[in-house]
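[1] The following comprises the amino acid sequence and a computationally predicted model.
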Amino acid sequence: MQKTCRQMGISLTDHLDASQKADMRAYMSLVNNILGNAELYVSWLDNSTFTEITKPRYGSVYPWPLKHVLTWQKQRQIKKRLTAFGWAQKSLDEVYNEVDNCCHALSERLGNKKFFFNDRPTELDALVFGHVFTLLTTSMPENSLASIVRSHSGLIALVKTIEDRYFKDPEVTRT
């Protein structure tokens, strides 16, 4: 995303000072390390989600037997990654606790503001939007991640603000 913005001549951080940029990078690391790994864990290591959602979706674009081989390889690759980061041995409840702690930290930083830093969105806002929107809108056999996120009203407000501001067609009115 950052590369695309630079190529288009758009900066989402030019209004931040050096300290704010450092804080933003730290929170982005938190989001990638917690929400990103939690999504991978639930999608690839939680048996019910893998069986009902991930395996059919991932394999659907490949012919038999390739879809089984490539899905198995991808699952192995994800498990290696999560093992390296200390996530593969976590229980599902531990993953949920990590997500709740992450959401709490993000909510604390956001406070009652529309965006994390000042009155304009940054890469952090975009990153959080992507993860939270996905967690809220992806149908899963177990919706605990969505429930955890929904308990953090500031994050829900952030998603709504970004969705309304940047993804709603102004010509379309909802009833």
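    Perfect, thanks for sending it.
[2] which regions of the chain sit below the pLDDT cut-off?
    Counting by pLDDT under 70, the chain contains low-confidence residues at 1-11, 169-175.
[3] Spatially central residue in it, please.
    H131 (1.9 Å; C-alpha atoms, centre = their mean).
[4] pretty sure that one contacts N33?
    No. Applying C-beta atoms under 8 Å as the test, H131 and N33 come out as separate, 11.5 Å apart. Bear in mind the C-beta positions are built from the backbone N, C-alpha and C, glycine included.
[5] hmm, back to that, and the residue nearest to the centre of the chain, what helix or strand is that in?
    Using DSSP states H and E, H131 maps to helix 123-137.
[6] Give me the packing partners of the strand or helix carrying L30, helices and strands only.
    For L30, the host element (DSSP H and E) is helix 18-31. Judged by 3 or more C-beta pairs under 8 Å, 6 or more residues apart in numbering; DSSP states H and E, the packing partners of helix 18-31 are helix 92-110, helix 123-137.
[7] buried sites along whichever helix or strand comes after the shortest one?
    Remark: after helix 123-137, the chain's next helix or strand is helix 144-150, criterion DSSP H and E. Neighbour-count burial for helix 144-150, counted by 16 or more other C-beta atoms under 10 Å, picks out 145-146, 148-149.
[8] Counting by contacts, list what helix 144-150 packs against.
    helix 92-110, helix 123-137, helix 153-162.
[9] can you give me how far it is from the chain middle?
    Mean C-alpha position of helix 144-150 versus that of the full chain (C-alpha atoms, centre = their mean, to the nearest Å) differs by 12 Å.
[10] Let's see it as PDB, backbone CA atoms only.
    Taking Å, rounded to 0.1, in the frame of the first residue of the first chain, the C-alpha atoms of helix 144-150 are listed here in PDB:
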ATOM      1  CA  SER A 144     -15.400 -15.200  18.000                       C
ATOM      2  CA  LEU A 145     -12.900 -12.900  16.300                       C
ATOM      3  CA  ALA A 146     -15.700 -10.700  15.000                       C
ATOM      4  CA  SER A 147     -17.300 -10.700  18.500                       C
ATOM      5  CA  ILE A 148     -14.000  -9.600  20.000                       C
ATOM      6  CA  VAL A 149     -13.600  -6.800  17.500                       C
ATOM      7  CA  ARG A 150     -17.200  -5.700  18.000                       C
END
